[in-house]
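>>> I'd like to go over a predicted model; first the sequence, then the structure.
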Amino acid sequence: MPKTPLHCPFCDIIRGAGEVSVCYEDAMAMAFMDIQPVNDGHVLVVPREHYERLEDVPREVGLHLYEVATRLIPAVQQVSGTSDLNVVVNSGSAAGQDVFHFHVHLIPRRADDGFDVPLPFAGSEMPDRTRLDAMAARIIAVLRDPMRTASSSRRPGQPARAG
């Protein structure tokens with residue numbers, strides 16, 4: 001069972017202890033309008049159980065959240081009057097996450113709306129192909145590691161679990 005923090009605004013909403021404009025709900029997920037929207041129609045899709053970050057979300061829950069998001073996208077596009085949108089997940093404070101209950105943003109976009117997810121990132125330089133190949137090989141090695149299990153996976157910099 002996931003550990004719920006002392007205070008989580010999304011858990012409050014899920015428990016009915018907050019104002020919310022719900023646009024979808026089922027036994028595993030809920031979707032509601034963002035109260036600080038980039039544009040009209042900005043929706044958050046959240047699991048009912050508390051998971052802090054992307055890597056904490058069980059596979060079946062993640063798949064379901066993706067299914068809910070893809071089901072909502074055409075409705076959000078129709079209601080917002082635009083076919084352009086971003087699907088955004090911020091996992092961790094360095095990635096811009098400010099509510100530590102995993103959630104997916106569905107953000108309708110309009111030209112010149114002022115919001116930007118600048119990719120490719122202007123501050124990066126294209127690395128040498130050997131560096132890209134080396135990083136790819138390292139990722140492949142981690143994926144193929146026979147000693148790797150879901151329970152032994154941990155975030156970079158996170159200490160190994162005792163016993």
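In hand now; what should we look at?
>>> buried set for the longest helix along the chain?
The longest helix of the chain (DSSP state H) is helix 59-80. Within helix 59-80, the residues that qualify as buried are 61-62, 64-65, 68-69, 72-73, 76-77, 80, counting by 16 or more other CB atoms under 10 Å. Placement of C-beta: from N, CA and C, glycine included.
>>> tell me where this protein has strands.
Listed in chain order, the strands of the chain (DSSP state E) span residues 22-25, 29-33, 43-47, 85-88, 104-108.
>>> winner for burial among the ones you listed?
Among the strands of the chain, judged by mean count of other CB atoms under 10 Å, the one packed with the most neighbours on average is strand 43-47 (a mean of 24).
>>> now do the contacts for the residue nearest to the spatial centre of the chain.
Within the chain, the residue whose C-alpha comes closest to the C-alpha centroid is Val89; the distance, by CA atoms, centre = their mean, is 2.9 Å. With contact taken as CB atoms under 8 Å, 6 or more residues apart in numbering, Val89 is in contact with 54, 102-105.
>>> how close does it sit to Arg148?
Distance of Val89 to Arg148, computed by CB to CB, to the nearest Å: 23 Å.
>>> before we move on, what about Glu125?
Distance, Glu125 to Arg148, using CB to CB: 32 Å.
>>> so for these two, which sits in the more crowded spot?
More crowded of Glu125 and Arg148, by other CB atoms under 10 Å: Arg148, with 12 against 6.
>>> can you check the pLDDT for the nearest residue to the more buried one once chain neighbours are set aside?
If the residues on either side of it in the chain are set aside, Arg148 comes closest to Val142, at 6.7 Å by CB to CB, 6 or more residues apart in numbering. With respect to pLDDT, Val142 scores 93.
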